[in-house]
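**Student:** generate a structure from the sequence data that follows.
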Amino acid sequence: MYILAVETTGPFCSVAVIDEKENINEEVSHEKMSHLKNLMPLVKKVLEEREIESNGQKRALQLGDIDAIAVSCGPGSFTGIRIGVSSARALSQAEGGKPLLPVPTLITFAHGEKEHRGLICPVLDARRNQVYAGAWQWEQEEKKKKGEEYPLFEGTGCPKNLCTKHIREKVPAGPYMLEEFLELIEVYDDIMFFGDGLMPYGETIKKWADKENRKISFALPEKRFQSAALVAKHGLMLYKKGKTVGYEELMPNYMRKAEAQKRLEEGTLSKRIKGEI
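**Tutor:** Residues are numbered from 1 along each chain as shown. Below is the predicted model of the structure:
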């Protein structure tokens, strides 16, 4: 079983393949915001690198061998989200309706730090002191009773967990003013932050932590941004629970309206273009 994963919501486009044993290979573009140019070449490259055995012979993995396609649906770059979702739809349709797995972008960060017992907080820059953010925490499960299941992502409508650990949503994923989000997490300690929001707001977060006497850390640069490997891990969980959709059902999750759309609805778009506001 193989799942192809696509990530285009962040600054770097990436593609990964995962199997049922969580063996992953990933290809990442090192050009910022080059998703449209690099996505399909990365898909081709990651498939060619995965060797499988078929009819007693070894060959490269092909798109037809893929059982489902996981795609990071947002939030993040509006253009990036559109590229990822539309590309996943096209690949699915070209392969006769290949199942799709819509993966919420923010929650994928938790898969990169399963050993962290504190709070995991992705913070994506939404401009104007606003962020797309949420908070999760990995917890050890108590021993299950026969037939009993625990929620994997409590409060998010995601599937039930079959493993020895699960993650609980502490602050719902959504658009926030930075100060508003920090108020919501001030009751927690040992907080690890991720995301491109650390670039414009990192110093503000550090000052907040000093003031509130909170232990915080920032993810290492190589783990700070969105990753197709993390999308693949979450996609595998969804696939095991049958949480697939068709290409007509796959929708982007912008979490808020684009600035141009808001201006259009307010009737101020032409003034904005003319520089009057």
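
**Student:** okay, CA-based contacts and neighbour counts for the rest of this
**Tutor:** Will do.

**Student:** Pro11 and Met33 touch, don't they?
**Tutor:** Yes: look at Pro11 against Met33 with CA atoms under 8 Å: they come within range, at 5.2 Å.

**Student:** look up the residues forming beta bridges with Glu27.
**Tutor:** Val15 (DSSP bridges).

**Student:** please apply the same query to Val131.
**Tutor:** Applying DSSP bridges, one finds that Val131 bridges with Asp125, Tyr176.

**Student:** just confirm it contacts Gly195, I think it does.
**Tutor:** No: between Val131 and Gly195 there is no contact, the gap being 10.0 Å when judged by CA under 8 Å.

**Student:** got any residues that touch both of these two?
**Tutor:** Residues touching both Val131 and Gly195 by CA atoms under 8 Å, 6 or more residues apart in numbering: 123-125.

**Student:** point out where the stretch 51-200 of the chain drops to low pLDDT.
**Tutor:** Applying pLDDT under 70 to the stretch 51-200 of the chain flags the ranges 140-165.

**Student:** list the contacts of the residue nearest to the spatial centre of the chain.
**Tutor:** The centroid of the chain falls nearest to Thr105 when counting by CA atoms, centre = their mean (2.2 Å). Counting by CA under 8 Å, 6+ apart, Thr105 touches 9, 72-76, 226, 231.

**Student:** in helices, which of those residues appear?
**Tutor:** Val231 (DSSP state H).

**Student:** of the contacts of Thr105, which belong to strands?
**Tutor:** The strands, defined by DSSP state E, take in Ser72 from the contacts of Thr105.

**Student:** identify each buried residue in the longest helix that the chain contains, please.
**Tutor:** Ranked by number of residues, the top helix in the chain under DSSP H is helix 78-94. Under the neighbour-count criterion of 16 or more other CA atoms under 10 Å, helix 78-94 has 78, 80-89, 91-92 buried.

**Student:** save those as a markdown table, and put in distance to Gly56 too.
**Tutor:** Below are the buried residues of helix 78-94 laid out as a markdown table (distance: CA to CA, whole Å):
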| residue | distance to Gly56 |
| --- | --- |
| Phe78 | 45 |
| Gly80 | 40 |
| Ile81 | 40 |
| Arg82 | 40 |
| Ile83 | 38 |
| Gly84 | 35 |
| Val85 | 36 |
| Ser86 | 36 |
| Ser87 | 33 |
| Ala88 | 31 |
| Arg89 | 33 |
| Leu91 | 28 |
| Ser92 | 28 |
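
**Student:** nearest to Met237 among those?
**Tutor:** Distances from Met237 to the buried residues of helix 78-94, taken as CA to CA, are shortest for Ala88 (18.4 Å).

**Student:** so who does that closest one touch?
**Tutor:** Contacts of Ala88 (CA under 8 Å, 6+ apart): 6, 69-71, 100, 247.

**Student:** try it again with 10 Å
**Tutor:** The contact partners of Ala88, taken as CA atoms under 10 Å, 6 or more residues apart in numbering, are 4-6, 69-72, 82, 94, 98-102, 247, 250.

**Student:** buried sites along stretch 49-56?
**Tutor:** Arg50.

**Student:** tell me which stretches of the protein form helices.
**Tutor:** With DSSP H as the criterion, the chain has helices spanning 35-49, 78-94, 105-108, 178-185, 198-212, 228-240, 259-266, 269-274.

**Student:** for Pro11 and Met33, list the residues in contact with both.
**Tutor:** Counting by CA under 10 Å, 6+ apart, the common neighbours of Pro11 and Met33 are 77, 80.
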